[in-house]
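>>> just the structure for this:
(one chain, ligands or ions: 1)
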Amino acid sequence: MIVPSDAPRRAAASGEATLTRKGEARWRGGHPWIFRDDVLPAEIPNGEIVTVRGPRGDALGLAFYGAVSKIALRRVAGPREGFDEQAVRARLDAAIAYRERIAPGVAALRLVSSDADGLPGLIVDRYGEHLVLQALTAGIERLLGPILDHLVSRLSPASILARHDAGVRRLEGLVEEVRPLRGDPPESVEIDDDGITLLVDLRSGQKTGLFLDQRENRTAASRYLRGRVLDAFCYDGGFALHAARAAESVEAVDASESALARAAVNAARNGITNLTTVRANVFDHLSESDRARRRFDGIVLDPPAFAKSRKDIDAAARAYKEINLRAMRCLTRGGVLVTCSCSYNLHEDEFVEILAAAAADAGRRAVIVEKRSQARDHPVLLGLPESHYLKCLILRVD
Ligand code: SAH
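Sure thing, here's the model as predicted:
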């Protein structure tokens, strides 16, 4: 399937997929994903690289074919590009070189971010000397051998761990598992995150260990957070630990006991003594704080995705409004609200409307100080709106 590296650069496709007219319009419009309804039925093995044709037979490019997923095609090349082993290596090199330019010396970051780096479904995260990898499409799974070889020769990592326990693998017809791919990955590693030492649980932490997409937002937020700070949905304390350096006190709240235990360990390792952890439901905790007239000068809200699909949007909008309203009530005048949504299905303009409604109900005037997104090592691919999922707004609430 893959053309050997010394072969001329040409399409490494073995099958063909023909689009409907609607599918062709979507492909030509730049969206890299084509759904099954927009592809004519065909018997193609899961994960094969195929030539994509329009209904009149024009060759439009190359794609991974998903025989199980609702997404039947994921573009890997346009009509004049090849996608052979050499191209895979070139894309890995370009992805790594981009991170070296934007984040030199950063210990924990995303080196390869799926479609945005031209490798649909491939996630490679670096934690110091170790790599954690996710192959989230059948197409990329088939290329794992050459990908691993190249990562080893390019980066010489101490180990590579597959965090293949993400549920999306099942939707692709792939097994869910966590296993070493190279070397002997440790249970946890200690990394430096902008001056804070963090213990990262590689094998069972959320995502690949840390919420790397919030890395730059944690640093940005800590520039504003002073006085009494509340970090709500803190996980293992990312925002809280950074904020603790300049704040008077930080209360870190989460429902997960194990995440809070790691937050406390992280605080101790960094000699931070002004951070307390509270196990609670954030909705209740904010209401109780308001009733008790406890006030904060800064609040971080970083909830899990409330809108997992577009059909959840109404319930999700109510939940986002509710936590933001309750948080605004607990802020002192001129207090800072760092408020996030990682639901792709809730678009940025809708999120801003929800925040405006929350401010109106709270009787507060709020201004946007910074509008942020996911960290730059998780770039947004033009043409793939789904790749812009994280919103992080920093507000001043008068
Ligand atoms: N801010 C973190 C990431 C937060 S992820 C960081 O920067 O690393 C979302 C967190 O919300 C998870 O840790 C999860 O345990 C927690 N959570 C989900 N629902 C909750 C609720 N209702 N109350 C409290 N915590 C909740």
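
>>> how many other residues sit next to residue 41?
When neighbours are counted by other C-beta atoms under 10 Å, residue 41 registers 9. (Glycine included, C-beta is placed from N, CA and C.)

>>> counting by contacts, list what the helix or strand containing residue 145 packs against.
In this structure, residue 145 sits in helix 144-155 according to DSSP states H and E. Packed against helix 144-155, as judged by 3 or more C-beta pairs under 8 Å, 6 or more residues apart in numbering; DSSP states H and E, are the following elements: helix 85-102, strand 122-127, strand 130-135, strand 159-164, strand 177-182.

>>> among those, which is nearest the ligand?
Nearest of these to the ligand, taken as C-beta to the nearest ligand atom: strand 122-127 at 13.7 Å.

>>> the closest one pairs with which strands, and in what direction?
Paired neighbours of strand 122-127 in the sheet (DSSP bridges): strand 108-113 (antiparallel), strand 130-135 (antiparallel).

>>> show the pLDDT at the closest residue in space to residue 144 that isn't next to it in sequence.
Distance criterion C-beta to C-beta, 6 or more residues apart in numbering; nearest residue to residue 144, sequence neighbours excluded, is residue 135 at 5.8 Å. On the pLDDT scale, residue 135 is placed at 98.

>>> for residue 135, give the beta-bridge partners.
Assigned bridge partners for residue 135, using DSSP bridges, are residue 122.

>>> so it makes contact with residue 145?
No. Assessed by C-beta atoms under 8 Å, residue 135 is found out of contact with residue 145, at 11.1 Å.

>>> interface residues of the stretch 151-300 of the chain facing the ligand?
Proximity of the stretch 151-300 of the chain to the ligand (C-beta under 6 Å from any ligand atom) is limited to residues 211, 214, 233-235, 238-239, 254-256, 259, 281-283.

>>> repeat that for 8 Å
Counting by C-beta under 8 Å from any ligand atom, the stretch 151-300 of the chain comes close to the ligand at 206, 210-211, 214, 217-218, 231-239, 253-256, 259, 280-283, 285, 300.

>>> returning to what we had before: for residue 245, find the nearest of the strands paired with strand 122-127.
strand 108-113 (18.1 Å; C-beta to C-beta).

>>> the closest one versus helix 144-155: what angle between them?
Angular relation of strand 108-113 and helix 144-155 on a 0 to 180 degree scale: 130 degrees, by axes from the mean of the first three to the mean of the last three C-alpha atoms, to 10 degrees.

>>> is strand 108-113 positioned near the ligand?
No. Using C-beta under 8 Å from any ligand atom, strand 108-113 never reaches the ligand; the gap is at least 11.4 Å.

>>> the inter-axis angle of that strand versus helix 85-102?
Using the same axes, to 10 degrees: strand 108-113 against helix 85-102 is 150 degrees.

>>> for residue 231, what are its contacts?
237, 239, 240, 243, 250, 251, 252, 253, 299, 300, 302 (C-beta atoms under 8 Å, 6 or more residues apart in numbering).

>>> can you tell me the element it falls in?
Element membership for residue 231, per DSSP H and E: strand 228-232.

>>> hmm, residue 167 is touching residue 176, no?
Yes. Contact criterion C-beta under 8 Å: residue 167 and residue 176 qualify, at 7.3 Å.
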